[in-house]
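Could you work out the structure for the sequence below:
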Amino acid sequence: IEAGKRRLREEMGFETELQELFSFIYKAPFDNGLTEHELDHVMLGYYSGDPEINPEEVADWKWMGLEDIHGDMAENPNRYTAWFRIIFDRFYRHVQKKEGKAP
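Now for the predicted structure:
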């Protein structure tokens with residue numbers, strides 16, 4: 001949790017309380033012959049201000065609603081990193097279950 005808070009501050013420029021939802025290992029090859037192989041921890045926090053993005057850490061970002069992301073990922077999967085697609089799928093199912101919308 002503390003590492004997540006630190007990275008959030010370093011990358012997005014804000015702080016909030018976090019809770020861990022899940023972790024996973026993924027491996028994704030790139031066109032340049034390199035491979036990313038990581039253990040990721042997914043945390044949830046709430047924030048309503050404007051982030052102060054660190055351009056040395058963050059290549060791109062945007063605020064979107066869950067349904068908007070879900071639809072855009074279905075239409076444009078290549079706009080999203082491998083790790084984000086994995087995270088979003090699990091997070092989306094988590095939210096749907098929590099809201100009683102999952103089968």
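
List the contacts of the closest residue to residue 39 other than its chain neighbours.
Spatial nearest neighbour of residue 39, excluding adjacent residues (CB to CB, 6 or more residues apart in numbering): residue 25 at 5.1 Å. All C-beta spots, glycine's among them, are computed from the backbone N, C-alpha and C. With contact taken as CB atoms under 8 Å, 6 or more residues apart in numbering, residue 25 is in contact with 37-40.

Tell me the secondary structure at residue 25.
strand (DSSP: H, G, I helix; E, B strand; the rest coil).

Now do it against residue 36, distance only.
Going from residue 25 to residue 36 by CB to CB, to the nearest Å gives 11 Å.

which secondary structure element contains residue 84?
Using DSSP states H and E, residue 84 sits in helix 82-98.

Let me see the residues that make contact with that helix.
Residues outside helix 82-98 that contact it (CB under 8 Å, 6+ apart): 21-22, 24, 26, 28, 36, 38, 40, 42, 66, 69-70, 73, 77, 80, 102.

Nearest to residue 51 among the residues you listed?
Nearest to residue 51 among the contacts of helix 82-98, counting by CB to CB, is residue 69 at 16.8 Å.

distance of the spatially most central residue of the chain from residue 40?
The geometric centre of the chain, computed from its C-alpha atoms, lies nearest to residue 84 (CA atoms, centre = their mean), at 5.1 Å. Residue 84 sits at a distance of 10 Å from residue 40 (criterion: CB to CB).
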